[in-house]
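Trainee: predicted structure and sequence below. I'll ask about it afterward.
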Amino acid sequence: MKKIDDYLKNLDRKVDYDNLIDKFMENPIINKFILDNDLKHNEIIKGINPLLIFYEENNICNQCQGLKYCKLQTTGYNSSLVYKNKKIALEYKSCRYNKQDYVTSNIDALYVPKRIFESTLDDFDLIGDSRKTIHNYILDFLKKYNKDNYMKGIYLSGKYGTGKTYILAVIANELAKLNYKVIFAYYPDLVRELKSSISKGNLEEKILKLKQTDILFLDDIGGEFFSRFIRDEVMGPILQHRLLDKLPTFFSSNLNLNELSKVMRDSESSLEAINSIRIIQRIKRMTEEFTLKDMPRLS
């Protein structure tokens, strides 16, 4: 970033500071900074260089469309004004796009596009009572949950197109911002991958990863082709481990839990019913169940 002399070298020798300050005051951030710190005219002039740098960088950042388009010399870092020791200065922190890269590095997205994790709570659609209730639970979870204060995850059911995956992605994104390690998997594809891992000899490694991640999201459970082996030898131990270790797990499904219980068995035998109910009981113990009844608004 150029210094003040570079910007003013083509101006008259006598700088019109008042005009320059008026220009700065049109920027709401600079305006607030000057008023909050009760800066006098001579203090502003002494800090004209960092003010001008901030002014120019802020204009660039406001038009930025992503980290790869960054036009600053300090790529991925934007400036903020500080007043220390009676001097105006600049501090640099990761910009919103740089933070997003950091966030997505905390999310292991299996069979889902990482772009869905650009979703934030600010974009959450609050139409309908069910979404408002879910939104309130998310806020409560983000506020209260930590590794010493366990809270249940969510089992989210609803018809196709109601926005279940989007809601789970919002939660995953917000938890990744808090530096939790997240696995977010599209469950039908995860099942296929786990089956293929048997022949590859790395099934136990994948199961251990699903057991131990800070937060696990299983999207569209019940949408897979039923497998007794996956139910009893894979998902059962994973859910039991996470339940005992108090590791939150989030689910989405087109089916409510009663309907899921029926599709998780391949016959009406009492043994199949018991094995299916075991899975459902674990899910019930580790989640709050919500049903989406309203379609999201189209943007």
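Mentor: Received it, and whenever you're ready, just let me know what you need. Numbering: from 1, shown residues only.
Trainee: tell me where the chain has helices.
Mentor: 4-8, 17-25, 28-36, 41-46, 48-62, 96-105, 129-144, 164-177, 187-200, 203-212, 228-229, 236-244, 257-263, 270-286 (DSSP state H).
Trainee: pLDDT weak spots in the stretch 151-299 of the chain?
Mentor: Where the stretch 151-299 of the chain drops to pLDDT under 70, the residues are 295-299.
Trainee: where in the stretch 1-150 of the chain is pLDDT low?
Mentor: Flagging of the stretch 1-150 of the chain using pLDDT under 70 yields the residue ranges 1-15, 99-102.
Trainee: need the residues that contact stretch 232-243.
Mentor: Stretch 232-243 is contacted from outside by 194, 203, 207, 210-212, 216, 247-249, 275, 278-279, 282-283, 285-286, using Cβ atoms under 8 Å, 6 or more residues apart in numbering. Backbone N, C-alpha and C define where each C-beta goes, glycine included.
Trainee: and those residues, which are buried?
Mentor: For the contacts of stretch 232-243, a burial check counting by 16 or more other Cβ atoms under 10 Å picks out 194, 203, 207, 210-211, 216, 247-249, 275, 278-279, 282-283, 286.
Trainee: of these, which is the nearest to residue 184?
Mentor: residue 216 (8.2 Å; Cβ to Cβ).
Trainee: check contacts around the closest one.
Mentor: 182, 183, 185, 210, 238, 242, 247, 248, 249, 250.
Trainee: residue 112 now?
Mentor: 165, 169, 184, 185, 186, 219.
Trainee: tell me the contacts of the closest residue in space to residue 292 that isn't next to it in sequence?
Mentor: Nearest residue to residue 292, sequence neighbours excluded (Cβ to Cβ, 6 or more residues apart in numbering): residue 158, at 3.2 Å. When contacts are counted by Cβ under 8 Å, 6+ apart, residue 158 is found next to 164, 254, 291, 292, 293.
Trainee: residue 164 now?
Mentor: Residue 164 neighbours (Cβ under 8 Å, 6+ apart): 156, 157, 158, 219, 220, 252, 253, 292.
Trainee: now with 6 Å, please.
Mentor: By Cβ atoms under 6 Å, 6 or more residues apart in numbering, residue 164 lies in contact with 156, 158, 252.
Trainee: now the terminal residues of stretch 22-41, how far apart.
Mentor: 11 Å (Cα to Cα, to the nearest Å).
Trainee: got the buried residues for it?
Mentor: Within stretch 22-41, judged by 16+ other Cβ under 10 Å, the buried ones are 24, 27, 30, 33, 34, 39.
Trainee: next: stretch 77-95.
Mentor: Residues of stretch 77-95 classed as buried by neighbour count (16+ other Cβ under 10 Å): 78, 79, 81, 83, 88, 90, 95.
Trainee: also stretch 258-278?
Mentor: For stretch 258-278, burial by neighbour count (16+ other Cβ under 10 Å) applies to 260, 261, 264, 265, 275, 276, 278.
Trainee: tell me the one among those residues nearest to residue 104.
Mentor: Once Cβ to Cβ is applied, the member of the buried residues of stretch 258-278 that ends up nearest residue 104 is residue 260, at 29.9 Å.
Trainee: name the nearest residue to that closest one, sequence neighbours excluded.
Mentor: That would be residue 222: by Cβ to Cβ, 6+ apart, it lies 4.8 Å from residue 260.
Trainee: how many residues are close by the one you found?
Mentor: 22 (other Cβ atoms under 10 Å).
Trainee: now do residue 197
Mentor: Neighbour tally, residue 197, other Cβ under 10 Å: 16.
Trainee: which ones are touching residue 177?
Mentor: residue 103.
Trainee: if I look at it, how far off is residue 77?
Mentor: Look at residue 177 and residue 77: by Cβ to Cβ, to the nearest Å, they are 18 Å apart.
Trainee: repeat that for residue 115.
Mentor: Applying Cβ to Cβ, the value for residue 115 to residue 77 is 23 Å.
Trainee: repeat that for residue 187.
Mentor: 38 Å.
Trainee: returning to that earlier point: in strands, which of the contacts of residue 216 fall?
Mentor: Here DSSP state E is the test, and these give 182, 183, 185, 249, 250 as lying in strands.
Trainee: can I get those residues in a markdown table including distance to residue 110?
Mentor: Below are these laid out as a markdown table (distance: Cβ to Cβ, whole Å):
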| residue | distance to residue 110 |
| --- | --- |
| 182 | 11 |
| 183 | 7 |
| 185 | 4 |
| 249 | 14 |
| 250 | 14 |
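Trainee: fine, thanks again, bye for now.
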